[in-house]
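# what shape does this take:
(one chain, ligands or ions: 1)
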Amino acid sequence: MSLRTRFIDREVARAIGRGTEQIVIVGAGYDGRALRFGGGTTRWIEVDMPSTQADKRRRLAALGVTDAVSYAGVDLMVDNLDHALTAANHNSSEPSLFICEGLFAYLPREVNVSVCRVLRARAAEGSVLTFNVAERAATQDHALALRGAVDALLAAVGERRHTNFGPGDAELLATASGWKVVRKESSAPHRLDQGTRLLVLAAEPG
Ligand SMILES: C[S@@+](CC[C@H](N)C(=O)[O-])C[C@H]1O[C@@H](n2cnc3c(N)ncnc32)[C@H](O)[C@@H]1O
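Model prediction:
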């Protein structure tokens, strides 16, 4: 978590420092970056399931916190992300930072490609896409058993994993949808599952 938070925070700081005025967080969940980095001229758009957004907004209101976020309630499996971003006033002729943190494992591969392509089509020059994945090498039985247990736990809280990323898959997702990877960091292998590491990337329009 700390590696991905630091990497993506740096992308946000870099984007704001370069004068990027719109930041789109796809699969934002309870992300607090609009609160942590907000207050300037940046426009924030958060995309997530309508039910998740309603809960987040209720919790923020209960805390007396107001944010300046445009909420685009979208089920990425069925709804049209492109139309939703237009409705949320995303301007595709200006640079954007697009953040997809902790998202792509929960969507099928073809939906991931479609999301990245929609974002690429809306990416003016100077835009950046940043995302992370858990990259898994083929490993031994005990590691597979551990993954099975983690998958079962995630499924129990309604977060079923749809896509596993092998070596090179994250880069392929970026390039296949028209992005060029420009920065990348990976963690040391996971302590319990030596075949898994976190990978976090930043890409520019290719
Ligand atoms: C693991 S959470 C990550 C949240 C946040 N980006 C973070 O890193 O803390 C995955 C998020 O993706 C959202 N998500 C999963 N499937 C989705 C779908 N089909 N449409 C829209 N959002 C989805 C979930 O609602 C959840 O907020």
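
# mind listing the helices for this protein?
Applying DSSP state H to the chain gives helices spanning 2-17, 33-36, 50-62, 81-87, 109-121, 141-156, 169-176.

# the second one near the ligand anywhere?
No: against the ligand, helix 33-36 shows no contacts by C-beta under 6 Å from any ligand atom, the least distance being 9.3 Å. Placement of C-beta: from N, CA and C, glycine included.

# and that helix, what does it pack against?
Contacts defined by 3 or more C-beta pairs under 8 Å, 6 or more residues apart in numbering; DSSP states H and E place helix 33-36 against helix 2-17, strand 22-26, strand 43-48.

# who wins for proximity to residue 202 among these?
Among these, helix 2-17 comes nearest to residue 202, with 5.5 Å by C-beta to C-beta.

# residues near residue 70, how many?
Residue 70 has 18 neighbours, counted by other C-beta atoms under 10 Å.

# ignore the last one, residue 169
Neighbours of residue 169 under the rule other C-beta under 10 Å: 18.

# which residues touch it?
Residue 169 makes contact with 133, 135, according to C-beta atoms under 8 Å, 6 or more residues apart in numbering.

# roughly how far does it sit from residue 115?
Distance of residue 169 to residue 115, given as C-beta to C-beta, to the nearest Å: 15 Å.

# okay if I get the helices of the chain as a markdown table plus distance to residue 200?
Shown next, in a markdown table, are those (distance: least, C-beta to C-beta, whole Å):
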| stretch | distance to residue 200 |
| --- | --- |
| helix 2-17 | 4 |
| helix 33-36 | 15 |
| helix 50-62 | 22 |
| helix 81-87 | 22 |
| helix 109-121 | 15 |
| helix 141-156 | 19 |
| helix 169-176 | 9 |
